[in-house]
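Participant: My questions are about this predicted structure, shown below with the sequence.
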There are 2 protein chains.
Amino acid sequence: MRKFVLHRAKSIITKATASLFNPHHHTHPSSSSSSEYYYYYTRTLNRFFTPLDSFTSMASHNSTPPLTVESLNPKVLKCEYAVRGEIVSLAQKLQQDLQANPGSHPFEEILYCNIGNPQSLGQQPITFFREVLALCDHPTILDKSETQGLFSADSIERAWQILDQIPGRATGAYSHSQGIKGLRDTIAAGIEARDGFPADPNDIFLTDGASPAVHMMMQLLIRSEKDGIFCPIPQYPLYSASIALHGGTLVPYYLDEATGWGLEVSELKKQLETARQNGITVRALVVINPGNPTGQVLAEENQRDIVEFCKKEGLVLLADEVYQENIYAPDKQFHSFKKVSRSMGYGDKDIPLVSFQSVSKGYHGECGKRGGYMEVTGFSPEVREQIYKVASVNLCSNISGQILASLVMSPPKVGDESYDSYSAERDGILQSLARRAKTLEDALNSLEGVSCNRAEGAMYLFPRIRLPNKAIKEAEAAKKAPDAYYASCLLNATGVVVVPGSGFGQVPGTWHFRCTILPQEEKIPAIVSRLTEFHKKFMDEFRD
Amino acid sequence: MRKFVLHRAKSIITKATASLFNPHHHTHPSSSSSSEYYYYYTRTLNRFFTPLDSFTSMASHNSTPPLTVESLNPKVLKCEYAVRGEIVSLAQKLQQDLQANPGSHPFEEILYCNIGNPQSLGQQPITFFREVLALCDHPTILDKSETQGLFSADSIERAWQILDQIPGRATGAYSHSQGIKGLRDTIAAGIEARDGFPADPNDIFLTDGASPAVHMMMQLLIRSEKDGIFCPIPQYPLYSASIALHGGTLVPYYLDEATGWGLEVSELKKQLETARQNGITVRALVVINPGNPTGQVLAEENQRDIVEFCKKEGLVLLADEVYQENIYAPDKQFHSFKKVSRSMGYGDKDIPLVSFQSVSKGYHGECGKRGGYMEVTGFSPEVREQIYKVASVNLCSNISGQILASLVMSPPKVGDESYDSYSAERDGILQSLARRAKTLEDALNSLEGVSCNRAEGAMYLFPRIRLPNKAIKEAEAAKKAPDAYYASCLLNATGVVVVPGSGFGQVPGTWHFRCTILPQEEKIPAIVSRLTEFHKKFMDEFRD
């Protein structure tokens, strides 16, 4: 009875709401005056207000219970995001301690290796990019003589170009919901130059960093917990968080640590089969390349197998390619999934593919600017229209981020005034990152019970730590996962912040942590020595 | 049987997923070696992979059906956003026509009165704000001598102040997920100065415009379609869109057009009662003040009644106060709901209240910068933690938008070098907007069958149009709502873009449109004459 009543209430309310916003969608008596219209709609509306029966009336006259955690959306409660989780709260507490009472801890500063936030650790922005942004923010200085002395000639020229692409040169106006058309043209040209295959500016959706783009795709694809999204394990926790927030099911596939975090199609097949047997409709496959937190770079042949698998199984391929500039292994190269699928002969109609890009990563690391885009190919016009609608509800992404996304995909070229300084800045950063990755990787591999795959790309190392049982028991007593316990001991002893592997997912019974390669190069030796000393003590204390 | 199977699948998957990410939350056999851990978790995992029974196994071996509109999340399909809907697509088409074939339509340009996007229509940004933004984008010019000649002294000083508030002066780093602490201090001080009551920087969440803040609150509060959010009708369609996307129910309360879009507590009571009788848990009340699309400014006494009502009924008060600077009626004043509730003696523990603010509106109109904040008071620490968690998944809002939000809440003061130019720019814009509002209001009220309430604030007029039956029938034949039909005729005849009232909701059987007051002042006479001429012809054609 109760069920029926609720169903009836819902159906009436849905209809009443629909008629409120789309009155013309309703069939209704043909009317000869607008007052009849009024009458008709008033009647429709009154149905919404008619008490249903004594059961539901009992619910009236009570005020809404006070807002508690228990009464929040359970999807929000379920969501977790380890990168800014418990360990960061502890780090902030320690930092406050150090400020209030210098010398209160056995270290002088907190070294944040928890998050891919290069400029927070001293990485300098690319000068050319910032010149253009400043000029677009305050275009009235563009034709003043002092500006010539302060800004490079090509940054002034680029700013004019960009302003001319913006209707009314209005950098303070909402743009088209996909982003400014001229900037999308530039980005599409950049993708073409990168891939050697055509790119369409109408496929580009500019977003405030890559995260909102990921949320949009999850929102589009997930209908209920019976819809699954394939994610690598370990994964970047944005994916698990977004899937939880949208009420879907994360379907894991495991990267093979023994083969350098290899992505095996046989594993995909096995997991897909199992998920389907469990009644899950797997709708999309997330691939993170270069990997986060795992740092591997996929081989082109492997990517072909993945494309073939998605094509065969009808999966949307969600390609997180935000680390495409971050390649450190000389024998590795980034290939976009779009390039790979086009080189296999698959066109726009053959495979639904979304590529995510961000201004936060690469050599530029402009996290705070919140720029990024997704390139959406292989969807029907009707589905595309729905993506556009969702984008339009938020009006547009921030214009500075949009401009920066266009710069990242179209940096200075040989012959431009800024080219030499730009390429020196870029190469300096990337070469230093490669050195830092190698130093940290070697240091980790020299620790007892620790093994660390090569950082081929991205900004992270994800070493496996084999913890003694005594340590595991200690962790249990502290009600922490063993790797979370290790990470908090490390932080308390050294000030080094890493994220426990349990925040990313890992083969059950194995333990890891994610450590960025981002602290400035002169700090790396201190991190290595603190980590080495801590680990030795920790093992001495807990060795079985 | 099927239901039970699905339930069982869901429960198993949920548990498996939980153990994947929080292995220590599970009870498990006490283990003496990590290989036992591995065994335990493998077992847990295997449960996830066990076929349930013959029913679900039947589903395997089929590839996922191709992605169609029908297989998208139905919440996305249900969502509508009229401000960028069908009428804007038509406008863009006409604009392309005009570019390709000048003279192809009876007008030379499209006049966008559909959206509150001032700078797209020629409004100039506030110089001081843009100076500070440019300097923060490219801080290396701050101590160069040419900079003194290009920038005001107080903009340079303010840029230094802001940079000093940012750890490492890194404007390209992710900030705290609520926004940079120093900027929140400035904003809190601005709120205190505005209201005369304390504000806590820890209550401020900086966001990419107000829209993501509204989405966050809807995400937090809505569990299912049985959770209702009270919204004014007419409303800004962000609310209906966000409620639809989060799967809740919009519970309408009608603003009284006859009393200048009055918000009557008796109407709230009636509608709340009805919703509760229908089994809806009404969780929050949205108030838009000054009103969008309706342009009214609430009287303080009325606001007190609303606060009392929310307090009594246990509703979260969601106060959309993004037009707080846009007041045109000399007898009206903006009072924040926080000020009103504090002046009634209600403290932080008495009423959950969220105030939304944006850099997109006011006299600055910096829509493209996507800056804004919400001030969250009256929530328990546990609930606040959940809001913070959701904010942290997206890392932070864009830093330029954060800086601009601090500038808006702390503009130049008397004595500052920029004060005179700043206040001249501000007053020029606001006075011009007031004149434009009055001219358009008078023009609308002079049209046959049209009545338009006073634009006391915000950026909109929402005239009622009484359409002849013949026009309504014509609309029916064209499968459009009568006001959508009127708006498309107006656009085709004059190039003026307005949004049909049906996109905002209206008393059934009444018809309206929303028209911004934003076209530049010299264009207003042309709009008035085109509109007047069109309306006369329309009425002549369709008069009953």
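Facilitator: Cool, the structure landed. Please read these numbers as outputs of a predicted model, since none were measured by experiment. Numbers count the residues shown, from 1 in each chain, chains lettered A, B, ... in the order given.
Participant: now stretch A:219-237, how far from the chain's geometric center?
Facilitator: Computed by C-alpha atoms, centre = their mean, to the nearest Å, the chain-centroid distance of stretch A:219-237 equals 13 Å.
Participant: Leaving out chain neighbours, which residue sits closest to residue A:182?
Facilitator: residue A:165 (2.5 Å; C-beta to C-beta, 6 or more residues apart in numbering or on different chains). Quick note: C-beta positions are derived from backbone N, CA and C, even for glycine.
Participant: ok, the one you found to residue B:148 distance?
Facilitator: Going from residue A:165 to residue B:148 by C-beta to C-beta, to the nearest Å gives 31 Å.
Participant: what does residue A:354 give?
Facilitator: Noted for residue A:354: a distance of 48 Å to residue B:148, by C-beta to C-beta.
Participant: Those two: which is more packed in?
Facilitator: residue A:354 (28 against 12; other C-beta atoms under 10 Å in any protein chain shown).
Participant: Is chain B within reach of the strand or helix carrying the more buried one?
Facilitator: For residue A:354, the host element (DSSP states H and E) is strand A:353-358. No. In terms of C-beta under 8 Å from any C-beta of the partner chain, no part of strand A:353-358 sits within range of chain B; the closest distance is 10.6 Å.
Participant: Identify the residues contacting that strand?
Facilitator: By C-beta atoms under 8 Å, 6 or more residues apart in numbering or on different chains, the residues outside strand A:353-358 that reach it are A:209-210, A:213-214, A:217, A:316-322, A:324, A:336-338, A:341, A:371-378, A:405, A:408-409.
Participant: moving C-terminal of that strand, what's the next helix or strand?
Facilitator: The C-terminal neighbour of strand A:353-358 among helices and strands, as given by DSSP H and E, is strand A:372-377.
Participant: Can you spell out the domain ranges of chain A, please?
Facilitator: For chain A, the domain assignment from automatic domain parsing gives the residue ranges A:2-62, A:82-121+A:427-542, A:174-408.
Participant: among these, which is the most enclosed?
Facilitator: Mean neighbours per residue, mean count of other C-beta atoms under 10 Å in any protein chain shown, is largest over the domains of chain A for domain A:174-408, with a mean of 22.
Participant: start to end distance for that domain?
Facilitator: End-to-end span of domain A:174-408 (C-alpha to C-alpha, to the nearest Å): 21 Å.
Participant: gap between residue A:269 and chain B?
Facilitator: Taking C-beta to the nearest C-beta, to the nearest Å as the measure, residue A:269 falls 11 Å from chain B.
Participant: which SS class is that residue?
Facilitator: Following DSSP: H, G, I helix; E, B strand; the rest coil, we place residue A:269 in the helix state.
Participant: Out of the helices and strands in chain A, which is least certain?
Facilitator: Ranking every helix and strand in chain A by mean pLDDT, DSSP states H and E puts helix A:34-49 at the bottom, with a mean of 32.
Participant: all strands of the stretch 351-500 of chain A, in order?
Facilitator: Under the criterion DSSP state E, counting those that start in this stretch, strands of the stretch 351-500 of chain A are mapped to A:353-358, A:372-377, A:450-451, A:460-461, A:464-465, A:496-497, A:499-500.
Participant: Would you mind listing where chain A has pLDDT under the threshold?
Facilitator: A:1-62, A:83-84 (pLDDT under 70).
Participant: Does chain B have contacts with the top helix by length along it?
Facilitator: Assignment by DSSP state H gives helix A:419-445 as the longest helix of chain A. No. Contact between helix A:419-445 and chain B, assessed by C-beta under 8 Å from any C-beta, is absent, since the two come no nearer than 12.2 Å.
Participant: ok, so what distance separates the nearest residue to residue A:181 once chain neighbours are set aside from chain B?
Facilitator: Once flanking residues are discounted, residue A:181 sits nearest to residue A:201: 6.5 Å by C-beta to C-beta, 6+ apart. The gap separating residue A:201 from chain B is 15 Å, by C-beta to the nearest C-beta.
Participant: For the residue nearest the centre of chain A, give its distance to chain B.
Facilitator: Geometric centre of chain A, nearest residue: residue A:211, 3.9 Å, by C-alpha atoms, centre = their mean. Per C-beta to the nearest C-beta, residue A:211 is found 5 Å from chain B.
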